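Peer 1: below: sequence and its predicted model.
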Amino acid sequence: MKRLRFVRKASLKARLDLEAQQLRDEARSCPPGHQRDSLLRKARRNEITSHITEWLTLPRWQPPK
């Protein structure tokens with residue numbers, strides 16, 4: 001069985017940052033309440049994941065050669 005592969009044009013960090021920005025923009029258009037809070041939580045989670053991804057790709061975290 002052949003495995004489908006997708007080539008990503010943007011890095012994980014870039015995709016997470018973009019989605020976080022889109023969620024924040026969407027939250028601005030919502031009235032205060034559960035939906036807005038949920039969107040802001042998702043945006044914050046994406047930002048945290050983006051930072052962790054950045055930290056893990058630093059040269060000091062790479063295995064020795």
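Peer 2: Thanks, I have it.

Peer 1: so how far is residue 35 from the residue nearest to the spatial centre of the chain?
Peer 2: Nearest to the mean C-alpha position of the chain, by C-alpha atoms, centre = their mean, lies residue 16 at 2.1 Å. Distance, residue 16 to residue 35, using C-beta to C-beta, to the nearest Å: 21 Å. For every residue, glycine as well, the C-beta is placed using N, CA and C.

Peer 1: surely the residue nearest to the centre of the chain and residue 47 touch.
Peer 2: Yes - between residue 16 and residue 47 there is a contact under C-beta atoms under 8 Å: 7.3 Å.

Peer 1: re the thing from before, the residue nearest to the centre of the chain is in what secondary structure piece?
Peer 2: In this assignment (DSSP states H and E), residue 16 forms part of helix 12-28.

Peer 1: residue 53 contacts residue 16, doesn't it?
Peer 2: Yes - counting by C-beta under 8 Å, residue 53 does reach residue 16; the two are 7.1 Å apart.

Peer 1: still on that earlier bit, nearest residue to the residue nearest to the centre of the chain other than its sequence neighbours?
Peer 2: Sequence neighbours aside, residue 50 is the residue nearest to residue 16 in space, at 4.1 Å (criterion: C-beta to C-beta, 6 or more residues apart in numbering).

Peer 1: just checking, the one you found touches residue 19?
Peer 2: No - Residue 50 lies out of contact with residue 19 (C-beta under 8 Å); the separation is 9.3 Å.

Peer 1: no further questions, thank you.
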